[in-house]
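Asks: need the 3D shape of this:
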Amino acid sequence: MWRDDYGDVSGEIPPDEIGCRRLARAVAVQALYEADLTGHAGYPIAKRLADEAGIGDAPGEFAVWLAETVETNRITLDERLKELAPMWPIDQLSPIDRNVLRLALAELEHGNNETPQKVIVSEAIELATLFGSEGSKTFVNGVLGAVLA
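Replies: Prediction:
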C-alpha cells in the first residue's frame, strides 16, 4: 500500500511515482551492465548514475537498492535463471538481457510486493526493448512469462 502526503491509503502507486520507478530501473540496468563489464560493484555505479541523471532521492535509492539486491543475490538469481532458461548458459546471454532478467527476478523475489508481478515483468520487457537487441524483448518476455505461469 502507498500512503500519500495527506495520509490517504491507496492500493496503487501514483502515476508520477511509476515514472520515477521506471527511471530507477533503467539506471539500475545501466549500472549492472557497467558492473558486469568492468567487474566493479554495481550499487556505487547506480548511485553515481542516479546522481548524474538527477532522478531524485527516492528513485535513486530504489536504483541503488535494485543494484545491491542483484549483487547480494547474484548466485541464487543466476541459479533461478538457469532453471527458467536451461538452453541459455548465463555467461552466453547478452549482458543487457542477463541484467534485465536479474533485476526483474530480484524485484520479484526480494521486493516488498508493492509492485504487482505483471508490472515488474512488463517493466523488464520495456527495459529489454529500450536497451537490448532485436530479440531481447521476446527472450525476456518468454523467460519471465515462465515465472508468472
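Asks: when you work out contacts or count neighbours from here on, use the C-alpha atoms and nothing else.
Replies: OK.
Asks: give me the below-cutoff pLDDT ranges for this protein.
Replies: Counting by pLDDT under 70, the chain has low-confidence residues at 1-18.
Asks: nearest the geometric middle of it, what residue?
Replies: L103 (3.2 Å; CA atoms, centre = their mean).
Asks: give me the element that one is part of.
Replies: Using DSSP states H and E, L103 maps to helix 95-110.
Asks: and after that helix, which helix or strand comes next?
Replies: helix 117-131.
Asks: after that next one comes which helix or strand?
Replies: By DSSP H and E, the next helix or strand past helix 117-131 is helix 136-148.
Asks: what packs against that next one?
Replies: Secondary-structure packing of helix 136-148 (3 or more CA pairs under 8 Å, 6 or more residues apart in numbering; DSSP states H and E): helix 74-84, helix 95-110, helix 117-131.
Asks: what's next to the longest helix out of those in the chain, contact-wise?
Replies: When every helix of the chain is counted residue by residue (DSSP state H), the longest turns out to be helix 15-38. Helix 15-38 is contacted from outside by 40-43, 45-46, 49-50, 55, 59-60, 62-64, 66-67, 95-96, 99-100, 103, 123, 127, using CA atoms under 8 Å, 6 or more residues apart in numbering.
Asks: can you pull the buried residues of that helix?
Replies: Residues of helix 15-38 classed as buried by neighbour count (16 or more other CA atoms under 10 Å): 20-36.
Asks: before we move on, back to that, any idea which of the helices and strands packed on helix 136-148 is most buried?
Replies: Counting by mean count of other CA atoms under 10 Å, helix 95-110 has the highest mean neighbour count of those, with a mean of 22.
Asks: between that one and helix 136-148, how big is the angle?
Replies: Put simply, helix 95-110 runs at 20 degrees to helix 136-148, going by axes from the mean of the first three to the mean of the last three CA atoms, to 10 degrees.
Asks: and helix 95-110, what does it pack onto?
Replies: Under the contact rule (3+ CA pairs under 8 Å, 6+ apart), helix 95-110 is packed against helix 15-38, helix 57-72, helix 74-84, helix 117-131, helix 136-148.
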